[in-house]
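Engineer: Predicted model and sequence follow; I will ask about them next.
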Amino acid sequence: MAVSSKSPMAILLLALVVPFLIQGSLAQNCGSQAGGALCSGSNCCSQFGYCGTGSAYCGTGCQSGPCSSGTSGRCGRDFGNSVCPGGACCSQYGYCGAGSAYCGAGCQSQCSSTPSTPSPPSSTCGSGLAGVVSQTQYNNLFPNRNAIYTYQNMMTAAASFPAFGTTGDCNTRKKEVAAFFAQITQETAGLFYVEEINKADYCQASATYPCAAGKQYFGRGPMQLSWNYNYKQCGDSPAVNLNLVNNPDLVAQSGVTAFKAAFWFWMTPQSPKPACHAVMTGGWTPSSSDSAAGRTATFGMTTVIINGGLECGSGASNPTGNTNRVGYFNSMCSAFGVSPGSGTSCASMTPY
């Protein structure tokens, strides 16, 4: 029987598919699927748990080795006891990095190896946000950040929200930044993700905040801005001034816009909820109804504001999210040299 020659497109498809067919026919031998095992030599461990080279192994989802797209940044007991690449520490919450937040209390692996360990936190603050967090410290706290989440992009965005990280005494300023960093760590796996993994429309019918045809308002940016009404109000704010209802992808395309959206959410009250900024800087006093609901001016209240309906109170469907946020806040406070204080959990706070 004659064999017809393959078209260039067929050859290309075959080249793309073969590595995955090969992986599917072999036993998994690395990564979270194999107890955290590493590959030998310069091989990468693919997202499916196989050792090899090339984009199928070292590209998207690569777990360890010389990954070309970076690693997932996750490690430890909840990820098959996988270890971090480059000798980085695996924190008690399963993130790779350096410094006390990763290599200190609760560190799971490679804890004696602390690449680029920062100096102990200063007991004083300089002027502006840069006087609280330096570029070196930021890079150490978010070692697996996406390329758009640069320190400079954050600082440029923060200039439009001058009260962030500058309100109150030095400890208050540090604690606010620690709280913000803890929350965006939970929202994006340490600034690894720009867009929500499980995308949905997030369109709530509204004459005031109508959705644009064909647009989705799933989470984007450090704070995972969601819902049409948030995109509308954020875009209309003087600090952002963009048509985000018709162009929600702008939040994922520009690091400055992404951080502006996050700062907008943090700094803006949405009645009856106060602003996270006010909660962390002493600008909000709980009402009698807030007190009756267990809501206090503490870190736990910021979780109520951000995702209280799912994570807070006795009826929480995702209490683990709250637990994670508390852990990240404790680690961030340690990195900044401040005490997290009480009220870090929202487990006893009734959401709005």
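Structural biologist: Cool, got the structure. Nothing here was measured: the structure is a model prediction, and the numbers come from that model. Residues are numbered from 1 along each chain as shown.
Engineer: Mind pulling the model confidence for C67?
Structural biologist: We note a pLDDT of 61 for C67 in this prediction.
Engineer: ok, now C89?
Structural biologist: Looking at C89, the pLDDT reads 81.
Engineer: That one against C96, yeah?
Structural biologist: Yes. Assessed by Cβ atoms under 8 Å, C89 is found in contact with C96 at 7.2 Å. Every residue, glycine included, has its C-beta placed from N, CA and C.
Engineer: Out of these two, name the residue with the larger neighbour count.
Structural biologist: Ranked by neighbour count (other Cβ atoms under 10 Å), C89 and C96 place C89 first, with 29 against 26.
Engineer: State the phi and psi torsions of the more buried one.
Structural biologist: Backbone torsions of C89, given as degrees, to the nearest 10, read phi -80, psi 150.
Engineer: which non-adjacent residue is nearest P143?
Structural biologist: Counting by Cβ to Cβ, 6 or more residues apart in numbering, P143 lies nearest to G97, which is 4.4 Å off, once chain neighbours are set aside.
Engineer: does the one you found have beta-bridge partners, and which?
Structural biologist: C89 (DSSP bridges).
Engineer: Verify the stated contact: it with N140.
Structural biologist: Yes. Counting by Cβ under 8 Å, N140 is a contact partner of G97 at 6.5 Å.
Engineer: the more surrounded of those two?
Structural biologist: Looking at G97 and N140 with other Cβ under 10 Å, you find the greater number of neighbours at G97, namely 26 against 21.
Engineer: where along the stretch 251-352 of the chain do the strands fall?
Structural biologist: For the stretch 251-352 of the chain, strands defined by DSSP state E, counting those that start in this stretch do not occur.
Engineer: which residues of it fall in helices?
Structural biologist: 255-267, 276-281, 288-292, 299-311, 319-336 (DSSP state H, counting those that start in this stretch).
Engineer: Tell me how many other residues crowd the spatially closest residue to T298 that is not a sequence neighbour.
Structural biologist: Distance criterion Cβ to Cβ, 6+ apart; nearest residue to T298, sequence neighbours excluded, is G343 at 2.8 Å. Each residue near G343 was counted by other Cβ under 10 Å, and the total is 16.
Engineer: so what pLDDT did G343 get?
Structural biologist: 97.
Engineer: gap between it and M301?
Structural biologist: 7 Å (Cβ to Cβ, to the nearest Å).
Engineer: so where's this protein shaky on pLDDT?
Structural biologist: 1-42, 45, 47-48, 55, 58-73, 78-81, 85-87, 98-99, 112-121 (pLDDT under 70).
Engineer: Find the nearest non-adjacent residue to the residue most central in space within it, please.
Structural biologist: Nearest to the mean C-alpha position of the chain, by Cα atoms, centre = their mean, lies T188 at 2.3 Å. Counting by Cβ to Cβ, 6+ apart, T188 lies nearest to P222, which is 5.9 Å off, once chain neighbours are set aside.
Engineer: Does the one you found touch G190 like I think?
Structural biologist: No. The pair P222 / G190 is not scored as a contact, 10.5 Å apart, by Cβ under 8 Å.
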